[in-house]
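Student: 3D, please:
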Amino acid sequence: MADWGHYAKVFTAIFVIVNPLGAVPLFLSLTADRSVRERHRMPRITALSVAIVLAVACLAGDTILGFFGISIASFRVGGGILILLMAVAMMNASTVAAKHTPEEAAEAADRQSAAVVPLAIPILAGPGAISTVIIYAHQATDWLGVALVIVSCTVVALAVWAALRMALPLSAMLGRTGINIVTRLMGLLLAAISVEFIVDGLRQLLPGLG
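Tutor: Okay, here's the model as predicted:
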């Protein structure tokens, strides 16, 4: 029987680390001089890219780790530390370097289409989101568990589409301060999730800690 409480936690973790609202200000700056048609087209491409990247990470994550000889326990600790750094940056409402740098954002402004790079990758579906999906997919005990992780990724991608599609009204309603408040709250949740990853990984690497 599926543990729906666990999968609600999986969805929450993926949603928080992707943080669709956090991408709204950058999306607006990237599309300020673009046509209405392109502003409507970019959210679809971005959401589809996020869904594909996270689904591939879910299905191929274990294979990739095995190829490089990385244990899931080590990956939990490393991924947890990365996610914790991102959470701290989110609580400070600052740019997360692991997601993107100011130089990448400036370069994106000159691109014909920034929907995939850097908006989808690495700003939304970045290293932290990919690490989270791989860890939760590894926890799944059957095909249904993996399918539910992919469903969570798909729903998060739909949330990305909705947030970017409604970027103007959301920005007007929340303002930069409102978006920062939501980002800080998400950062707090993300910090708790990252600590769980680190502790679980250390318990596997160092059984004496248990």
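Student: what stretches of the chain score poorly on pLDDT?
Tutor: 1-2, 95-113, 209-210 (pLDDT under 70).
Student: tell me the buried residues in the longest helix along it?
Tutor: Ranked by number of residues, the top helix in the chain under DSSP state H is helix 167-205. Across helix 167-205, burial judged by 16 or more other CB atoms under 10 Å covers 167, 170-171, 179-180, 182-183, 186-187, 189-191, 193-194, 197-198, 200-202. (Glycine included, C-beta is placed from N, CA and C.)
Student: how much space between residue 168 and residue 202?
Tutor: 45 Å (CB to CB, to the nearest Å).
Student: and if you look at residue 120?
Tutor: 32 Å.
Student: name the element residue 157 belongs to?
Tutor: Assigned by DSSP states H and E, residue 157 belongs to helix 143-165.
Student: can I get that helix in PDB? Just the C-alpha atoms.
Tutor: Provided in PDB are the C-alpha atoms of helix 143-165 (Å, rounded to 0.1, in the frame of the first residue of the first chain):
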ATOM      1  CA  TRP A 143       7.300   0.800  -9.800                       C
ATOM      2  CA  LEU A 144       4.300   2.500  -8.200                       C
ATOM      3  CA  GLY A 145       6.600   4.400  -5.900                       C
ATOM      4  CA  VAL A 146       8.800   5.600  -8.800                       C
ATOM      5  CA  ALA A 147       5.700   6.500 -10.700                       C
ATOM      6  CA  LEU A 148       4.400   8.600  -7.900                       C
ATOM      7  CA  VAL A 149       7.700  10.500  -7.700                       C
ATOM      8  CA  ILE A 150       7.400  11.200 -11.400                       C
ATOM      9  CA  VAL A 151       3.800  12.400 -10.900                       C
ATOM     10  CA  SER A 152       5.100  14.700  -8.200                       C
ATOM     11  CA  CYS A 153       7.600  16.100 -10.600                       C
ATOM     12  CA  THR A 154       4.900  16.600 -13.300                       C
ATOM     13  CA  VAL A 155       2.600  18.400 -10.900                       C
ATOM     14  CA  VAL A 156       5.500  20.700  -9.800                       C
ATOM     15  CA  ALA A 157       6.200  21.400 -13.500                       C
ATOM     16  CA  LEU A 158       2.600  22.400 -13.900                       C
ATOM     17  CA  ALA A 159       3.000  24.700 -11.000                       C
ATOM     18  CA  VAL A 160       6.000  26.200 -12.800                       C
ATOM     19  CA  TRP A 161       3.900  26.800 -15.900                       C
ATOM     20  CA  ALA A 162       1.100  28.400 -13.800                       C
ATOM     21  CA  ALA A 163       3.500  30.700 -11.900                       C
ATOM     22  CA  LEU A 164       5.300  31.900 -15.000                       C
ATOM     23  CA  ARG A 165       2.100  32.200 -17.000                       C
END
